[in-house]
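[1] model this:
(chains A, B and C)
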Amino acid sequence: MTEIFGVPTQALFGQLLIGLINGSFYALLSLGLAVIFGLLNIINFTHGAQYMMGAFVAYLLANKAGVGYWWALAIVPVVVGATGIVIERLMLAKLYKLDHLYGLLLTFGLALIIQGLFRNEYGTSGLPYAMPSELSGGRNLGFMFLPNYRAWVIVASLAICIGTWFVIERTKLGSYLRAATENPALVQAFGINVPRMITLTYGFGVALAALAGVMAAPIYQVSPQMGADLIIVVFAVVVIGGMGSILGSILTGFGLGIIEGLTKVFYPEASNTVIFVIMAIVLMIKPAGLFGAQK
Amino acid sequence: MKLKQTILAAAIAAMAGTAGAQVSDGVIKIGVMNDMSSLYADIAGPGSVIAARMAIEDFGAAKKGMKVEVLSADHQNKPDVGSQIANQWYDVDKVDAIFDVPTSSVALAVNEITKKKGKAFLVSGAATSDLTGKACSPNTIHWTYDTWMLANGTGSAIVKTGGDTWFFLTSDYAFGHALERDTEAVVLKGGGKVLGKVRHPLNAQDFSSFLLQAQASKAKIVGLANAGGDTTNSIKQAAEFGIVKGGQSLAGMLVFLSDIHGLGLDKAQGLIFTETFYWDLNAQTREWTKRFVAQSKGKYPTMVQAGVYSAVMHYLKAVEAAKTDDGTKVIAQMKAMPTDDPLFGKGSIRKDGRKIHPAYLVEVKKPSESKGPYDYYKVRATIPANEAFRPEKDGGCNL
Amino acid sequence: MPKSQKIALAVMTAFFLLAPLVLYPVFLMKAMCFALFACAFNLLIGFGGLLSFGHAMFLGTAGYACAHAAKVWGFPPEFAILFGTAMAALLSFVTGLLAIRRQGIYFAMVTLALAQMIYFYYLQAPFTGGEDGIQAVPRGILFGVLNLSNVWAMYGMVFVIFMGGFLLVYRVIHSPFGQVLKAIRENEPRALSLGYDVNRYKLLAYAISGTLAGLAGATKALVFQLASLTDVHWSMSGEVVLMTLLGGLGTVFGPVVGAFIIITLETYLAQLGAWVTIVQGVIFVICVLTFRRGVVGELGNWLRKPL
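    Below you'll find the model as predicted:
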């Protein structure tokens, strides 16, 4: 058996694949954040709480309404996205004229509220969410046992990321959105309803977070804490990728997942810190991020 | 500034207060401090307060003319919050004894404060065996369980039943390292081998890469030297990766009934670990549990909550016997009296403050084997009291 | 000092001198430590315009350093606190060099990243005791004469440190240095074009802020006689932002009021558990939406006097 740096290649490939799977989650979550920041210049600290809400709504749908996973994938993003729209209309819209930091503080406060409410109601032990039967089990790839669900995560995540990137970068709707961030007044003068677009964009970003939450529910414990520490990591991903760049977040998300996976093999104690170290370095060398453009 | 109080005894001091003669301000004040809202809320939390109240009732404080009050507070798992509450309780609210306190860092802080002020501290929730080791104190008794007992109970019992090759999944902080170290020592002493270990960061969400390494090692037992959310996450994901189906067994080092409830039997089945109380052990525990469940909105008691009941009961008996609520004296009295309650049976308290009672190695049932709510465990083995805890001379306590 | 501020100063001093007769001294000492922390933070954001989301790293580093010095090396309290503060100063200088080069959101994110790295380092480093923290830190004897185990002696020391720190912050704000800082906050390119070494000023402000935050942390370690991970966690960084925001960004007395309110809330609501976080979140939201000047800011605005 060949070895690279003391680790058998088989195990290495297994870890790389795991890293790719985790990267899918990072990519999906950072995509939502990047969309919101890139197009609206809002740092959405609530993203982690909205991810958690996605998982919880899926749980509630399954346990109170008997609605299964596949339906949840469609319903949950809409429901949570709607709450995002409410937040945007009622609160965020008032802050656009001010320093961006206020947006950050507002979403931070909202995250505290949402998390606190869920913790109050559901405690923190976490709730079980059943894996959809079509996706349970797995196949033996030779170098590792790959659960089917994890494979699904990679596929779905790639599809959504590519789809979103395509819509924003290659369609007319996307170009309106991009133009509106550059010069809202002018775009509005052309008769396009800019505030509504902004609202829907925020809703879309939130919906992406909720979707990631539904996908996470079968494999991670559904608990009010699940978004809290994850959000900081996702921020790091977005910052490294370039806060305005959709493509940057996607690529960085997958890339960092792989790097983290490798760290877990060679030096697992540091796997928490490695992303922040990279973030600090990138910010020093290229502050706009790897793919970002200095605004 | 008053903290939330739940006044229990209906008999106000109108009753002939003979027992109140040397009790400070005529009232015995008990403080139940734990995590009411976060990681350990289901393991201890409001359930511990219920257990305390049940103990006061069963002791018959009212009939004996003893006035007992219960306060409770949430330390949020933070040592500074816990120590502030303890200081305030002792200085301002005239609390005589503090109970429960999960989270070892908070327990250690309260341990110091209690010693300084000469009060009493009965620990049920925290795990660190230092409380009866280098941090031992004449004012503290460590109830329910500790890290040594967990490591020893689970480790040696599993090795005896054939689980002789181990792989550790360890939480990378002091508590995780301690669990791993203690369990490894036991495994090696029992003739087993440790095939490998991997350290994961605290609160890691994803264990797939660590579990992969565990699978590759082909160890019979995957030991989870972690706690709380890390344990439940690793168990859940181990099920996903087919670890148990592939023939390996999971050994949890610190698992509670509420964790199993949160996981569900299909994910947790086959898990092996040690506890000192299970609601379904015998007729007495069942009967007590029925009363508990009536007050707890359907949640069944964990060993931590049962420990609070047992500790409050014994504490009150000691106060009655010693005719005082001075902390140091009551603790000494508690050590002098053997313990007996429906939950832990007969036991005793050592000079170093360690309460001794039997421990049980349990295995989580398969979904098909469970016949009712919270019917989760089968008892695989009983570890007698004198073997379950660290020998007194090994602790480094100089009491 | 304008008259309104002189009055406010007198009120504050009188309050902290007389309150321990009525309120629990340990609670007041905690409030003073956090008030100092918030004042230090306010220096950076209220006057320098830089939002640091990682200030907990100074509070915690100084706390650990002081606790270690007092417990393991047996330093007397004055040296333990000095050592802790010095460590925070060093850290703030080093992190400042890294962080200052970026502005606005990026600056906040860098400080957050750096603080997270420090947190994870402390989580694993053996000397911090990890989850247990450093316990049973001796308070010692101040200057060889004053036994700090006596609560009044301890209170006196904390009071002196708090007042000293507060007045230092005031002095910095109202010095020429402070004026330049404000100019940089208002319009950095213009300050640059006027010939000011903008980065040097920002770095110095950051370092002073971090050092004073460290002073608060070191003192707090002796008050509670323990140093724990809570002090380096990012939620602590969020809390100081909340205190300053609630009190009033850019006001002199705002941080003190904000810190006092939040500490009181936490103590009163402690038994309600999760509600503490919810209430904090609600305060954040309300402050950002409608109460941006904060308590003292609104008061000052209503009185039309600087506070």
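
[2] only C-alpha atoms for contact and neighbour calcs from this point on.
    Will do.

[3] now the strands: where do they sit in the chain?
    As the question left the chain open, I've gone with chain A. Along chain A, counting by DSSP state E, strands occupy A:3-4, A:7-8, A:138-140, A:145-147.

[4] right idea, wrong chain: chain C
    Going by DSSP E, chain C shows strands at C:141-142, C:146-147.

[5] how about the ones you listed, which one is nearest B:Phe121?
    B:Phe121 lies closest to strand C:146-147 among the strands of chain C, at 26.8 Å (Cα to Cα).

[6] Report whether that closest one contacts chain B.
    No: Strand C:146-147 does not reach chain B (Cα under 8 Å from any Cα of the partner chain); its nearest approach is 15.6 Å.

[7] do the same with stretch C:228-237
    Yes: counting by Cα under 8 Å from any Cα, chain B has neighbours in stretch C:228-237: C:Ser228, C:Thr230.

[8] any idea what sits nearest C:Ala205, other than its immediate chain neighbours?
    C:Leu44 (6.3 Å; Cα to Cα, 6 or more residues apart in numbering or on different chains).

[9] Make sure the one you found is actually in contact with C:Leu51.
    Yes: under the criterion of Cα atoms under 8 Å, C:Leu44 makes contact with C:Leu51 at 7.1 Å.

[10] Nearest residue to whichever residue of the stretch 151-295 of chain A sits closest to chain C in space, ignoring adjacent ones along the chain?
    Among all residues of the stretch 151-295 of chain A, A:Phe276 sits closest to chain C, at 5.3 Å; criterion: Cα to the nearest Cα. Take A:Phe276 and drop its neighbours on the chain: the residue closest to it by Cα to Cα, 6+ apart is C:Ala113, 5.3 Å away.

[11] Kindly provide the distance from that neighbour to A:Ser30.
    Distance of C:Ala113 to A:Ser30, given as Cα to Cα, to the nearest Å: 16 Å.

[12] Of those two, which one has the most company?
    Neighbours were counted for C:Ala113 and for A:Ser30 using other Cα atoms under 10 Å in any protein chain shown; A:Ser30 has more, 32 against 26.

[13] Mind pulling the model confidence for that one?
    At A:Ser30, the model reports a pLDDT of 90.

[14] can I assume it is in contact with A:Val238?
    Yes: contact between A:Ser30 and A:Val238 holds when scored by Cα under 8 Å: they sit 5.7 Å apart.

[15] Quick check: neighbours shared by these two?
    A:Ser249, A:Gly253 (Cα atoms under 8 Å, 6 or more residues apart in numbering or on different chains).

[16] Buried ones in stretch B:33-52, by neighbour count?
    B:33-52 (16 or more other Cα atoms under 10 Å in any protein chain shown).

[17] of all of chain C, which residue lies closest to chain B?
    Going by Cα to the nearest Cα, chain B is nearest to C:Asp132 of chain C, at 3.9 Å.

[18] Please report the number of neighbouring residues for that residue.
    25.

[19] How about the contacts made by it?
    Applying Cα under 8 Å, 6+ apart, the residues near C:Asp132 are B:Ser104, B:Ser105, B:Val106, B:Leu108, B:Ala174, C:Ser228.

[20] So which other helices or strands are in contact with the helix or strand hosting the fourth one?
    In other words, B:Leu108. Taking DSSP states H and E as the criterion, B:Leu108 maps to helix B:104-117. Helix B:104-117 sits against helix B:79-91, strand B:120-123, strand B:140-142, with contacts defined as 3 or more Cα pairs under 8 Å, 6 or more residues apart in numbering or on different chains; DSSP states H and E.

[21] what's in contact with the shortest one?
    Spelled out, that is strand B:140-142. Residues contacting strand B:140-142 (Cα under 8 Å, 6+ apart): B:111, B:114-115, B:120-124, B:131-132, B:331, B:349, B:352-355.

[22] Kindly report the same for stretch A:206-214.
    Contacts for stretch A:206-214 (Cα under 8 Å, 6+ apart): A:25, A:28-29, A:31-32, A:47-48, A:50-56, A:58, A:69, A:72-73, A:76-78, A:80-81, A:84.

[23] Please export the C-alpha coordinates of it as CSV.
    Output in CSV follows, covering the C-alpha atoms of stretch A:206-214 (Å, rounded to 0.1, in the frame of the first residue of the first chain):
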residue,chain,number,x,y,z
VAL,A,206,-32.0,33.0,3.4
ALA,A,207,-33.8,30.3,1.5
LEU,A,208,-30.4,28.9,0.5
ALA,A,209,-29.4,28.8,4.2
ALA,A,210,-32.6,27.0,5.1
LEU,A,211,-32.1,24.5,2.3
ALA,A,212,-28.6,23.7,3.7
GLY,A,213,-30.3,23.2,7.0
VAL,A,214,-32.8,20.7,5.6
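
[24] Please state the offset of that stretch from the chain centre?
    7 Å (Cα atoms, centre = their mean, to the nearest Å).

[25] List the residues that contact the residue nearest to C:Ala205.
    By Cα under 8 Å, 6+ apart, C:Leu44 lies in contact with C:Leu50, C:Leu51, C:Ser52, C:Ala205, C:Tyr206, C:Ser209.

[26] can you tell me how far it sits from C:Tyr206?
    For C:Leu44 relative to C:Tyr206 (Cα to Cα), the value is 6 Å.

[27] What of B:Ser104?
    Taking Cα to Cα, one finds B:Ser104 at 36 Å from C:Tyr206.

[28] dump the residue contacts of the residue nearest the centre of chain C.
    Taking Cα atoms, centre = their mean, the centroid of chain C lies closest to C:Phe37, which sits 1.0 Å from it. Neighbour list for C:Phe37: C:Leu59, C:Leu212, C:Ala213, C:Gly214, C:Ala216, C:Gly217, C:Val240 [criterion: Cα under 8 Å, 6+ apart].

[29] With A:Ser157 instead?
    A:Ser157 sits in contact with A:Ser24, A:Phe25, A:Ala27, A:Leu28, where contact means Cα under 8 Å, 6+ apart.

[30] and the third one, how many neighbours does it have?
    Counted with other Cα under 10 Å, the burial measure for A:Ala27 works out to 34 neighbours.

[31] per-residue confidence for it?
    92.

[32] What count of nearby residues applies to the nearest residue to it once chain neighbours are set aside?
    Of all residues not flanking A:Ala27 in the chain, A:Gly253 sits nearest, at 4.0 Å (Cα to Cα, 6+ apart). Other residues lying near A:Gly253 total 29 when counted by other Cα under 10 Å.

[33] Quick check, A:Gly253 in contact with A:Gly19.
    No: between A:Gly253 and A:Gly19 no contact is recorded; they are 10.3 Å apart, counting by Cα under 8 Å.

[34] coming back round to it: mind listing what's buried in the helix holding B:Leu108?
    Those would be B:Ser104, B:Ser105, B:Val106, B:Ala107, B:Leu108, B:Ala109, B:Val110, B:Asn111, B:Glu112, B:Ile113, B:Thr114, B:Lys115, for helix B:104-117 by 16+ other Cα under 10 Å.
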